[in-house]
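S.K.: output the structure for:
(one chain, ligands or ions: 2)
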Amino acid sequence: MSGPGADVAEVRAWVRAARRLVVFTGAGVSAESGIPTFRDALTGLWARFDPEQLATEAAFRANPAMVWRWYAERRAAIARAQPNAAHRAIAALERGGARLAVVTQNIDGLHARAGSREVLELHGNIMRARCLEGCGDPERIDAKFDWRADPREPPPCPRCGSPLRPDVVWFGELLPQDVLARAQRAALRCDLMLVVGTSALVHPAAGLPMLAREAGARIVVVNPDRTPLDAVAAGVLRGAAGAVLPELFEKPG
Ligand code: OAD
Ligand code: ZN
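M.R.: Ligands and ions are numbered 1, 2, ... in the order given. Below is the predicted model:
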């Protein structure tokens, strides 16, 4: 299971010794919950679209119904999905007392549903909507809001009547600056960062592991495939998050 560098036993010791730990996650941590990683998200009906044609403000303004329905279908799939062993292992580690922050690029909310408390969502959350014209705080969409009953057009903002949009970061948009600042602070202060299930290609999120490393933290990659961070990682654990993390975090015998 181990790639270059430290093996599971060594990384397990680093996890236990860490004063502050960051778990930085991407779509791979939700793969075992049945949620396609970002590139596969366009399966079936949407296979003919490119995410950049859907996940942009311009696409939403040009065709609000199409983009709203794409997100409604993803929301319905996510609502049916369950956190997997990886999400649960991370939440259990935090409950066990580790000084742990989860910094995620995912918009599925599964870390919080698994019980993680300190979760920084860099790219927003698909279960929240906000006013397209930015007139107020994000409206959390009530879970019983039935997307299928949802009219073709996105619902109107309760304050100003503009269309609501998903409260997620679209291509070309800035990340929520307060969340990014907290994630950068966590990266600078941690002594170990686990980079789980991300291709580490999309910035500024993908810059966080290097920030942590330059500040003296060890980086450990957990991924079945290679990533650009493998070369600078103190350890690479080649495997699925749902298999590796429970073993990595298990209490000493
Ligand atoms: P990607 O789809 O780019 O990468 C998913 C990563 O997860 C890959 O490196 C896979 O090898 C790995 N993987 C697959 N199955 C896994 C498993 N069971 N356990 C562990 N790892 C597994 O998704 P992200 O890196 O999250 O941005 O993409 C980052 C951002 O790019 C997304 O947040 C999205 C996209 O543009 C926005 O929406 C703003
Ligand atoms: Zn409004």
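
S.K.: tell me the pLDDT of the spatially most central residue of the chain.
M.R.: Nearest to the mean C-alpha position of the chain, by CA atoms, centre = their mean, lies Asn106 at 2.2 Å. Looking at Asn106, its pLDDT is 97.

S.K.: do the same with Ser2
M.R.: 63.

S.K.: how about the helices in the stretch 151-253 of the chain?
M.R.: 177-189, 208-214, 241-249 (DSSP state H, counting those that start in this stretch).

S.K.: out of those helices, which is closest to Val102?
M.R.: Judged by CB to CB, the one of these that comes nearest to Val102 is helix 177-189, at 9.4 Å. All C-beta atoms are positioned from the backbone trio N, CA, C, and that covers glycine.

S.K.: what about the protein, any weak spots by pLDDT?
M.R.: Scanning the chain for pLDDT under 70 picks out the ranges 1-4, 39-49, 137-152, 253.

S.K.: tell me the residues of it that contact ligand 1?
M.R.: 26-28, 31-32, 37-39, 55, 105, 123, 169, 197-199, 202, 223-225, 227, 240-241 (CB under 6 Å from any ligand atom).

S.K.: what about those residues, which are in strands?
M.R.: Residues from the residues of the chain next to ligand 1 lying in strands, with DSSP state E as the criterion: none.

S.K.: give the buried subset of the residues you listed as a ChimeraX selection command.
M.R.: Selecting the buried subset of the residues of the chain next to ligand 1 in ChimeraX, with 16 or more other CB atoms under 10 Å as the burial test, is done by:
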select :26,27,28,31,32,37,38,55,105,123,169,197,198,199,202,223,227,240,241
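
S.K.: if we can go back for a sec, could you dump the helices of the stretch 151-253 of the chain to a markdown table with distance to ligand 2?
M.R.: Formatted as a markdown table, these follow (distance: least, CB to the ion, whole Å):
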| stretch | distance to ligand 2 |
| --- | --- |
| helix 177-189 | 20 |
| helix 208-214 | 32 |
| helix 241-249 | 38 |
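
S.K.: now the closest residue to Leu21 other than its chain neighbours: how far from Val202?
M.R.: Excluding its sequence neighbours, the residue lying closest to Leu21 (CB to CB, 6 or more residues apart in numbering) is Leu100, at 4.7 Å. Distance of Leu100 to Val202, given as CB to CB, to the nearest Å: 23 Å.
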